[in-house]
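Peer 1: sharing a model prediction with you, sequence too.
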Amino acid sequence: MKTSMLQGAKIVSTGSATPSIKVSNEQISSIVETSDEWIFTRTGIKERRILTEYGHSVTNLAVEAALQAITEVSMNPADIDLLILATSSPNDLFGSASSVQNQIGAINALAFDLTAACSGFVIGLVTAAQFIFNGTYKNVLVIGADVLSKWVDWSDRSTCILFGDAAGAVILQSCSINSNSILNFHLKTDGNYTDYLSIAYKENLTPHPILNLYQGSFKYISMNGKEVYKFAVSQVPLSIISCLKDIKMSINDIDWLLLHQANERILIAVAEKLAISRDKIISNLSEYGNTSAASIPLALNEVVKLNKISNDDIIVIAGFGAGLTWGTIILRW
């Protein structure tokens with residue numbers, strides 16, 4: 001982390017939201033040829049939440065998670081300076097952050113969307129921290145939210161078993177430099193592999209009859225699962241090690257490992273490569289599946305509410321996904 005700090009930053013509250021509808025592996029097996037055993041042994045997922053209400057979108061979940069975080073710290077929404085919505089499934093292609101800003105009453109906040117798929121929350125949190133470190137803002141609301149069920153091909157067994165809908169939020173607040181909890185970060189992108197995980201735009205074969213303009217539409221999620229797995233298992237440990245080394249910390253200093261909830265095999269493989277006990281892995285993958293940008297703040301909110309995390313615990317947070325992008329944050333709670 002290379003920054004000139006005027007003030008520190010710390011997470012003061014969390015929140016989350018999930019749809020009420022649960023879809024089990026047994027239900028998935030009635031749609032495509034699979035089984036509960038096949039899905040669970042390969043992914044660690046037992047069920048996922050799906051947003052089915054007509055007219056509801058990612059903004060509904062984002063608003064609910066945001067209001068929970070705001071209520072948790074008894075903050076006036078008007079005191080929020082910046083709202084970052086990390087999502088790859090906005091309700092409006094121009095962005096959904098402004099709608100969230102309006103609905104929660106954050107009348108003084110700049111609001112924008114950040115698109116980085118499963119790495120979105122990590123990149124959003126780092127972005128928020130920069131605005132606080134340099135003294136521009138004092139209160140930033142960071143939301144990770146996705147409703148990828150709307151972009152899943154439900155006849156594609158390789159992807160429809162994985163994804164669920166959710167939102168998670170944190171409020172990052174300025175503090176003294178001595179109390180700063182964002183200890184370091186490490187972010188990377190390798191665009192050579194962008195096709196490994198994407199929702200591609202496909203042009204129509206026939207152009208507009210007068211303008212000769214090829215229009216089209218976005219398709220479904222496409223994923224090369226084997227390559228994404230190899231990428232995550234190889235690059236995420238290196239990112240974590242590099243991030244720790246920069247601030248002269250070691251693997252032994254880690255109290256909790258919070259990775260993007262993509263696949264149980266990835267969580268275990270990364271922990272094993274780092275020689276981190278499985279007891280330190282934070283995971284709720286079995287209940288929610290891969291919720292993309294929501295997965296890390298959703299899991300964080302759950303362990304916070306369960307009082308599993310103690311003051312001064314070191315949490316290593318790492319996101320990875322489409323782009324391909326990946327990133328690590330070292331956090332002192």
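Peer 2: Good, I have the coordinates. Numbers count the residues shown, from 1 in each chain.
Peer 1: Leu244 is in what secondary structure piece?
Peer 2: Using DSSP states H and E, Leu244 sits within helix 225-246.
Peer 1: show me what the following helix or strand past that helix is packed up against.
Peer 2: Helices and strands here follow DSSP H and E; after helix 225-246, the next one along the chain is strand 256-259. When contacts are defined as 3 or more C-beta pairs under 8 Å, 6 or more residues apart in numbering; DSSP states H and E, strand 256-259 sits against helix 264-273, helix 295-305, strand 314-321. No exception for glycine: its C-beta is placed from N, CA and C like everyone else's.
Peer 1: with distance to Glu47 added, can I get the ones you listed in CSV?
Peer 2: Converted to CSV, the helices and strands packed on strand 256-259 look like this (distance: least, C-beta to C-beta, whole Å):
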stretch, distance to Glu47
helix 264-273, 14
helix 295-305, 14
strand 314-321, 21
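Peer 1: of the ones you listed, which approaches Phe112 most closely?
Peer 2: Of all the helices and strands packed on strand 256-259, helix 295-305 sits nearest to Phe112, with 17.5 Å by C-beta to C-beta.
Peer 1: pLDDT of that closest one, averaged?
Peer 2: Across helix 295-305, the average pLDDT comes to 98.
Peer 1: got the buried residues for that helix?
Peer 2: By neighbour count on 16 or more other C-beta atoms under 10 Å, the buried set for helix 295-305 is Ser295, Ile296, Pro297, Leu298, Ala299, Leu300, Asn301, Glu302, Val303, Val304.
Peer 1: check stretch 234-254 too.
Peer 2: Of all the residues in stretch 234-254, those buried under the rule 16+ other C-beta under 10 Å are Gln235, Val236, Pro237, Ser239, Ile240, Ile241, Cys243, Leu244, Met249, Ile254.
Peer 1: list the residues that contact the last one.
Peer 2: With contacts taken as C-beta atoms under 8 Å, 6 or more residues apart in numbering, Ile254 has the following neighbours: Leu244, Ile276, Lys280, Ile314, Ile315, Val316.
Peer 1: go on, Pro207?
Peer 2: Counting by C-beta under 8 Å, 6+ apart, the residues that Pro207 touches are Leu213, Tyr214.
Peer 1: before we move on, the earlier item: farthest-separated two in the buried residues of helix 295-305?
Peer 2: Ser295 and Val304 (15.0 Å).
Peer 1: quick check: Val23 is in a strand.
Peer 2: Yes - under DSSP: H, G, I helix; E, B strand; the rest coil, Val23 sits within a strand.
Peer 1: relative to Asp92, how far out is it?
Peer 2: 26 Å (C-beta to C-beta, to the nearest Å).
Peer 1: ok, Ser35 next?
Peer 2: Distance from Ser35 to Asp92, counting by C-beta to C-beta: 38 Å.
Peer 1: and for Ser24?
Peer 2: The gap separating Ser24 from Asp92 is 32 Å, by C-beta to C-beta.
Peer 1: state the next helix or strand along the chain beyond the helix or strand that contains Ala166.
Peer 2: Using DSSP H and E, Ala166 sits in strand 165-175. Later in the chain than strand 165-175, the nearest helix or strand by DSSP H and E is strand 182-189.
Peer 1: for that following strand, what is the distance to the chain centroid?
Peer 2: Put simply, strand 182-189 sits 15 Å off its chain's centre (C-alpha atoms, centre = their mean, to the nearest Å).
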